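Engineer: below is the sequence, then the predicted model.
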Amino acid sequence: MKILFYNHTGQASGAERLLLMILSRLDRQKFDPVMVCPDDGPLMQLAAELAMPVETMASLQARFTWRVDRLVGYLRSFLQVIRQFRQKVISIEPDLIHANSIRAGVVATAATVGLRTRVAWHVHDLLPRHPLSTAVRLLAFLSTRTRMIAVSGAVAHNFVGAFSPWKQRVAVILNGIELDKFRPKGNAGNGKQDIRSELQLGNADPLIGIVGQLTPRKGQLELLRAFADVWRRVPRAVLLIVGAPLFNRDEEYAELLKQTASELGIAGRVRLTGPRSDVPAIMRELDLLVVNSSAEPFGLVVVEAMACGTPILAAACGGIPEIIEHGKTGWLVPPRDEQTLAETIVSLSRQPALLGRLAEQGKTHVRSRFSADRYMSELQAFYGSNAVRSRSVDIVARGVREGECPANLRFVVHGGRSEI
């Protein structure tokens with residue numbers, strides 16, 4: 001079965017890290033993959049390093065906005081990319097397209113009109129309240145060739161929206177991780193001393209961290225303001241902000257973080273590390289990982305930190321409550337509540353036994369439910385079920401063209417719609 005994997009950007013964030021894991025573990029005896037993505041970031045090279053055929057095309061410039069002038073520019077980008085992608089599909093002739101985002105799903109579905117190619121939308125995001133969100137849902141569900149993979153139940157519910165009769169078209173496959181990359185504390189060698197020395201930290205300094213793309217949705221700014229209150233009560237505490245701006249105006253947000261730390265008088269207790277290649281090692285040394293997102297489709301960093309044996313404090317939004325059981329495998333607080341966030345950080349920092357229990361139970365939980373093995377088993381079963389339908393449609397179409405139909409296939413009409 002030939003699968004075309006399409007990513008609309010060449011940058012590498014959480015969705016792309018998951019895609020790379022899929023490509024590295026895909027059963028090559030059953031599936032023949034080819035990757036299509038822009039060359040405006042590291043994704044193309046990372047995929048090529050997996051011995052993956054990679055083809056490039058233009059990057060899609062499109063975001064939800066209320067500005068008409070920007071919408072016009074985004075529409076031009078869509079039309080250009082759709083034309084290019086249609087040519088790629090005609091050339092590659094895949095049995096299935098794995099579109100690794102909502103934007104990629106829009107492109108792939110529009111580009112394959114009339115080609116009968118099945119398209120799997122891998123939905124990693126929560127659609128905002130916007131008229132275009134309704135248009136996206138209509139495109140997804142009115143095409144009989146599409147199926148959706150949602151990374152959490154929250155994402156599935158959000159994507160279906162008012163189209164609840166079509167919820168059977170959406171499969172929820174919770175993300176998985178390579179557990180061996182996130183060994184717990186105690187098996188990490190001498191990395192702790194090296195990292196603390198690099199960051200100029202003492203062994204007794206409580207280390208609180210937030211890991212992820214620098215962007216307003218991730219809540220680094222609100223955590224900074226909460227940390228100013230934490231530092232007054234836990235003077236040796238240090239806040240580690242790991243990540244980099246990737247898209248659009250996020251560079252301005254990164255500068256705002258530095259400015260805010262200075263204005264709050266906590267710049268000496270805050271470390272903005274930028275992008276790191278040793279994130280698992282850093283997470284292992286955190287006394288507490290904070291996930292302060294205002295919207296989080298899944299929360300890949302949560303399961304990664306759990307696998308490291310690091311306790312989690314997270315805002316209860318999106319898919320995070322599907323991962324964390326409050327008080328057992330982590331601690332949940334209301335989103336957008338800086339006062340409660342600060343109070344909880346202080347309280348947990350004074351209860352090392354509780355943090356130890358959360359870390360141990362979280363580690364056990366993630367290893368039982370979020371392994372890459374479990375994930376790939378469910379995903380490849382999804383591919384297989386769609387391959388059967390694709391082959392059946394092609395056989396019948398070919399038979400009709402040749403004036404015959406296989407004896408073991410038949411058409412059934414339901415409400416004016418033909419099925420096999």
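Structural biologist: Nice, thanks for sending it over. Numbers count the residues shown, from 1 in each chain.

Engineer: wouldn't Ala150 be in contact with Lys167 here?
Structural biologist: No. Look at Ala150 against Lys167 with CB atoms under 8 Å: they stay out of range, at 10.0 Å. C-beta here means a position set from N, CA and C on the backbone, and glycine is covered the same way.

Engineer: who's more crowded, the two?
Structural biologist: In terms of neighbours (other CB atoms under 10 Å), Ala150 is the more surrounded of Ala150 and Lys167; the figures are 24 against 14.

Engineer: could you measure from that one over to Leu221?
Structural biologist: As judged by CB to CB, to the nearest Å, Ala150 and Leu221 stand 29 Å apart.

Engineer: same question, Ser385
Structural biologist: Ser385 is 43 Å from Leu221, by CB to CB.

Engineer: more neighbours: these two, which one.
Structural biologist: Under the neighbour definition other CB under 10 Å, Ser385 and Leu221 were set side by side, and Leu221 has more, 17 against 12.

Engineer: was I right about the more buried one contacting Lys258?
Structural biologist: No. The pair Leu221 / Lys258 is not scored as a contact, 10.9 Å apart, by CB under 8 Å.

Engineer: what helix or strand is Leu19 on?
Structural biologist: If you go by DSSP states H and E, Leu19 is part of helix 14-25.

Engineer: send me the helix or strand that that helix is followed by as CSV with only the CA atoms.
Structural biologist: The helix or strand immediately downstream of helix 14-25 is strand 32-37, counting by DSSP H and E. Output in CSV follows, covering the C-alpha atoms of strand 32-37 (Å, rounded to 0.1, in the frame of the first residue of the first chain):
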residue,chain,number,x,y,z
ASP,A,32,5.4,2.0,0.8
PRO,A,33,5.8,5.6,2.1
VAL,A,34,6.8,8.8,0.3
MET,A,35,7.1,12.2,2.0
VAL,A,36,6.0,15.5,0.5
CYS,A,37,6.8,18.8,2.4
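
Engineer: what packs against strand 32-37?
Structural biologist: Under the contact criterion of 3 or more CB pairs under 8 Å, 6 or more residues apart in numbering; DSSP states H and E, strand 32-37 touches strand 2-6, helix 43-48, strand 54-56, helix 68-92.

Engineer: tell me which of those sits nearest to Arg269.
Structural biologist: helix 43-48 (34.4 Å; CB to CB).

Engineer: quick one: low-confidence residue ranges for the stretch 51-200 of the chain.
Structural biologist: Within the stretch 51-200 of the chain, the stretches with pLDDT under 70 are 62-74, 184-193.

Engineer: show me what contacts Glu222?
Structural biologist: Taking CB atoms under 8 Å, 6 or more residues apart in numbering, we find Glu222 in contact with 292, 336, 338, 341.

Engineer: in the residues you listed, which has the lowest confidence score?
Structural biologist: pLDDT is lowest at Arg336 among the contacts of Glu222; the value there is 94.

Engineer: that one and Ser294 touch, don't they?
Structural biologist: Yes. Between Arg336 and Ser294 there is a contact under CB under 8 Å: 5.9 Å.

Engineer: need the residues touching each of the two.
Structural biologist: Contact with both Arg336 and Ser294 is made by residues Ala315, according to CB under 8 Å, 6+ apart.

Engineer: who does the helix holding Leu19 touch, helix- and strand-wise?
Structural biologist: Counting by 3+ CB pairs under 8 Å, 6+ apart, helix 14-25 packs on strand 2-6, helix 43-48, helix 300-308, helix 372-401.

Engineer: out of those, which is the most enclosed?
Structural biologist: helix 300-308 (a mean of 27; mean count of other CB atoms under 10 Å).

Engineer: may I have stretch 147-160 exported as CSV, CA atoms only?
Structural biologist: Extracted in CSV, the C-alpha atoms of stretch 147-160 (Å, rounded to 0.1, in the frame of the first residue of the first chain):
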residue,chain,number,x,y,z
ARG,A,147,-11.5,10.0,7.2
MET,A,148,-10.1,11.8,10.2
ILE,A,149,-7.6,10.7,12.9
ALA,A,150,-8.0,12.9,16.0
VAL,A,151,-5.2,13.0,18.6
SER,A,152,-7.6,13.2,21.5
GLY,A,153,-11.3,13.0,22.3
ALA,A,154,-11.3,16.7,22.8
VAL,A,155,-10.0,17.3,19.3
ALA,A,156,-12.6,14.8,17.8
HIS,A,157,-15.4,16.6,19.6
ASN,A,158,-14.2,20.0,18.4
PHE,A,159,-13.7,18.9,14.8
VAL,A,160,-17.1,17.3,14.5
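
Engineer: name the residues of it that are buried.
Structural biologist: 147-152, 154-156, 158-160 (16 or more other CB atoms under 10 Å).

Engineer: the helices in the protein, which residues?
Structural biologist: Using DSSP state H, the helices assigned to the chain run over residues 14-25, 43-48, 68-92, 102-111, 131-142, 153-160, 191-198, 220-233, 250-263, 279-285, 300-308, 338-349, 352-369, 372-401.

Engineer: deepest of the ones you listed, which one?
Structural biologist: Comparing the helices of the chain by mean neighbour count (mean count of other CB under 10 Å), helix 300-308 comes out on top with a mean of 27.

Engineer: could you give me the average pLDDT of that helix?
Structural biologist: Averaging pLDDT along helix 300-308 gives 96.
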